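1. Let's see this in three dimensions:
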Amino acid sequence: MNDSSNNLVNKSTVALPGDVEAWPILLDFFAACFPHINRETWQRRFDNGEIRDAQTSLIARADEPPRAHAKYTYARSVENENKIPFEERIVFQDEHILVADKPHFLPVVPSGA
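-> The predicted structure follows:
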């Protein structure tokens, strides 16, 4: 993928509403619905093939018109993850379960700044 792939988190899915006339292109939809992520970041995710049609798995294009009720998956990239000066300790692990002892404030999944 790209050099930010080490920051990728599990895929998320977003469903478009039935009325998509407010957004001429998919980039407009993503930028409007996720205002905490700037438009340039969304454009980069489209350019890197990180946004896909959930039904067909085809790479979505930023300039394509949105389709009513369509679903898209995207790999969330967590930027500016704070370094925590503590380490977790694995207590038990087998093929089905992992038990860890960690500080109560240590996040379980990356969440960014």
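2. All the helices of this structure, residue numbers only.
-> With helices called from DSSP state H, the chain shows them at 26-33, 39-47.
3. Relative to residue 70, which of these is closest?
-> Closest approach to residue 70 among the helices of the chain (CB to CB): helix 26-33, 9.0 Å. In this view, the C-beta of every residue, glycine as well, is placed from N, C-alpha and C.
4. From residue 41, how far off is the spatially most central residue of the chain?
-> Centrality entry for the chain: nearest residue to the mean C-alpha point is residue 76, 1.8 Å, by CA atoms, centre = their mean. For residue 76, the distance to residue 41 equals 11 Å [CB to CB, to the nearest Å].
5. Show the low-confidence segments of this protein, by residue range.
-> 1-10, 77-82, 109-113 (pLDDT under 70).
6. Any chance you could list what contacts stretch 83-100?
-> For stretch 83-100, the external contacting residues (CB atoms under 8 Å, 6 or more residues apart in numbering) are 101-103, 106-107.
7. Which one of those is nearest to residue 59?
-> For the contacts of stretch 83-100, the minimum distance to residue 59 (CB to CB) is 30.2 Å, reached by residue 107.
8. count of residues packed around that closest one?
-> 11 (other CB atoms under 10 Å).
9. One more: residue 108?
-> Taking other CB under 10 Å as the criterion, the count of residues near residue 108 is 8.
10. Repeat that for residue 68.
-> 10.
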